[in-house]
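> Build the 3D model from these lines:
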Amino acid sequence: MRLHRAALLAIPLASLSLATAVPSQPDHASRPVALQPQPFLSHWRRLSERFIEKIWTQTSTQENNDSRAKNVAKSEEQLLPAHTLARYGGDVLLRFNISTADEAKSLAEASDTLLLDVWEFAADWVDIRLAQELVPSLLGLLPQSLQRSHVPLLRERELAQAIFETYPTPRDHARHLESSKAAAPSPTFQNQRPIGPAPHSQGAETNIFFTDYQPLSVIQPWMRLLSSLFTTHVRLVTIGKSAQGRDIPALRIGVHPTNDDDPQPPTRKTVLITAGLHAREWISTSTANYIAYTLITGFGKVPSITRMLEDFDFVIVPTLNPDGYVYTWETDRLWRKNRQQTSIRFCQGMDLDHSFGFHWDGSSTAGNPCSESYAGEKAFEAVEAKQFADWARNETENNNVEFIGLMDLHSYSQQILYPYSFSCNDLAPGLEDLEELGYGLQKAIRRAHGHVYEVLPACEGNAVTAGASGKKSYLPQMENRGGSGLDWFYHEMHVRWAYQLKLRDRGTYGFLLPKEHIIPTGKEMVDAIMYFGEFLQEAYLMKEKTVSNEEDDQSVAEQEVEPTHEEEIKLEDDSTLSGKGSQILVEDLDSEAKLDLRKRRAR
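Presented below is the predicted three-dimensional model:
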């Protein structure tokens, strides 16, 4: 087996000679990663560290040589690359506080007229990035109240510096790894309940892969490495091809029961975790990778993870928009859309999260491919959205898959959003279920880490709202919210528990979340995933037990056989909740059973 793994590893390691898409950056003082003393370096960690070391030392060695050749001392400001200053040096990020419909409408119209980059918006604020020289023009289009109710979140130089600092810092990884080999951890876990600190791999917390954001040229070989090392429960799959012909990779994690004699095998219940629909949201991609690593390395070591992967599959797609993601590394860090050609040659790209076919409405951006939220001329015109939808349909129709959960990772604003996004006038059929699980996810995150995530219908989280005397009034939206992937999977694919999670932070850094937040954010979402899995296990396994008991009762009644005293006790035990002693009296776990679950969890 050891020889077999070494042979498999030769393929991904052979590709390490490819240059990574990291912008050229002058060398400066490195920031060493603090590692906790551990007894020994595991087989997997040795391979993983060697893999990352190989990639990064190629880049950092060349940069160190160039730096030594120049031998010029530079200040912190001078470390900003010229292209970073040229593209972003004159830009600012402003937050406008809004409270009336007139303010919301005027701000939406002004940002559309000036083709401004609206970063995020919530109940009473809007964040907009624009060139400093455009600020007077924008203010001139706004009412007097908005001209005085805005604050800068990132000024010119601060924005450029924040962008620069999201790229990996050149380091001498070989020296760092040599000094830390004796202290590198092997994965250790602990079995924990869904509310409270979830199990985490100490290897994930100290692994250098998660100390930086990683380019696609590193992520894809890393995914191949995981699938080749953990063949019992991991498969590398391809969702489809991007507009520029790149693979859209995913990891399918789960243990498939093998019984070729079964003519009708049970459907494989599957949870989708997607990230990177918007290219600049790097924290979503890193968080998806953190979740994948924790589940993969936890199988067989953490009982709760092992049970979850025996009951369900998880398909994790870290970069659903690979073309846009590569573009953020090579050209424009703040690029949002894909890189598909449009009717205007110099305005490329479509917003994937507006491109799905449920309540698609591109009228607000039709004919304006330069808009950041351009949805194309028709539904599913964006290649990646179409490929993803076709793959999902094929899985359910031909591969015996049932999608039961969706967690679509985005940034920023710390929100847990559930359907619908396109309108607040239409309520989701399973609203009570969605709200209950949403608040459970919120509680799991808050208890373990103290960060508060709001739980909202997506129409509120993605539209500007205001409260008046306890009654909500919906203000004009900053952008059209039809055609979202969240709504499409919930309504068209019947994914019962579908959520969009907007990760850290609340606007201090926005899309430029410092790399120090990668691991804490990943741990938050692992806690959420563990709660999600426990919730699904209770729901589905309890429902199967109820159906099985009903079938047994019917069979006994038809045979007119009275059960023995021992059988009566067993039937009673099988129809009770573990440790609760209360009978299951509901045939379907839609509303009444979920309400009961909620009451019991609260006790």
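
> Spit out the contact partners of residue 296.
By Cβ atoms under 8 Å, 6 or more residues apart in numbering, the contact list for residue 296 reads 226, 230, 233-234, 251, 253. For glycine as for every other residue, the C-beta is placed from the backbone atoms N, C-alpha and C.

> What pLDDT does the model give it?
pLDDT recorded at residue 296 is 97.

> As TSV, the contacts of residue 296 with pLDDT and neighbour count would be great.
Shown next, in TSV, are the contacts of residue 296 (pLDDT from 0 to 100; neighbours: other Cβ atoms under 10 Å):
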residue	pLDDT	neighbour count
226	96	21
230	97	18
233	96	19
234	97	20
251	98	26
253	98	26
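
> Return the subset of the residues you listed lying in helices.
Under the assignment DSSP state H, these contribute residue 226 to helices.

> which of the contacts of residue 296 lies closest to residue 512?
Nearest to residue 512 out of the contacts of residue 296 is residue 251 (Cβ to Cβ; 26.8 Å).

> so the closest one bridges to which residues?
Taking DSSP bridges as the rule, residue 251 bridges to residue 236, residue 316.

> what sits against it?
Residues near residue 251 by Cβ under 8 Å, 6+ apart: 223, 226-227, 234-237, 292, 296, 315-316.

> Would you convert the residues you listed into a markdown table that also reports distance to residue 94?
Conversion of the contacts of residue 251 to a markdown table gives the following (distance: Cβ to Cβ, whole Å):
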| residue | distance to residue 94 |
| --- | --- |
| 223 | 38 |
| 226 | 41 |
| 227 | 44 |
| 234 | 44 |
| 235 | 46 |
| 236 | 43 |
| 237 | 42 |
| 292 | 36 |
| 296 | 42 |
| 315 | 39 |
| 316 | 35 |
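
> Quick check on those: which are buried?
Among the contacts of residue 251, those buried by neighbour count (16 or more other Cβ atoms under 10 Å) are 223, 226-227, 234, 236, 292, 296, 315-316.

> Show me which pair in those residues is furthest apart.
Every pair of the buried ones among the contacts of residue 251 checked by Cβ to Cβ; the farthest is 226 and 315, at 13.9 Å.

> which of the buried ones among the contacts of residue 251 lies closest to residue 119?
For these, the nearest to residue 119 is residue 316 (25.8 Å; Cβ to Cβ).

> From what I see, the closest one and residue 276 are in contact.
No - applying Cβ atoms under 8 Å, one finds residue 316 not in contact with residue 276, separated by 11.1 Å.

> list residues touching both of the two?
Residues touching both residue 316 and residue 276 by Cβ under 8 Å, 6+ apart: residue 288.

> quick one: which of the buried ones among the contacts of residue 251 is nearest residue 244?
For the buried ones among the contacts of residue 251, the nearest to residue 244 is residue 223 (19.1 Å; Cβ to Cβ).

> Give me the pLDDT for residue 133.
The per-residue pLDDT reported for residue 133 equals 94.

> if we can go back for a sec, can you list the contacts of residue 296 in JSON lines and add distance to residue 517?
Listed next are the contacts of residue 296 as JSON lines, based on distance: Cβ to Cβ, whole Å:
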{"residue": "226", "distance to residue 517": "23"}
{"residue": "230", "distance to residue 517": "27"}
{"residue": "233", "distance to residue 517": "29"}
{"residue": "234", "distance to residue 517": "27"}
{"residue": "251", "distance to residue 517": "23"}
{"residue": "253", "distance to residue 517": "24"}
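
> ok, of the contacts of residue 296, which one's closest to residue 116?
Among the contacts of residue 296, residue 251 lies closest to residue 116 (Cβ to Cβ), at 36.9 Å.
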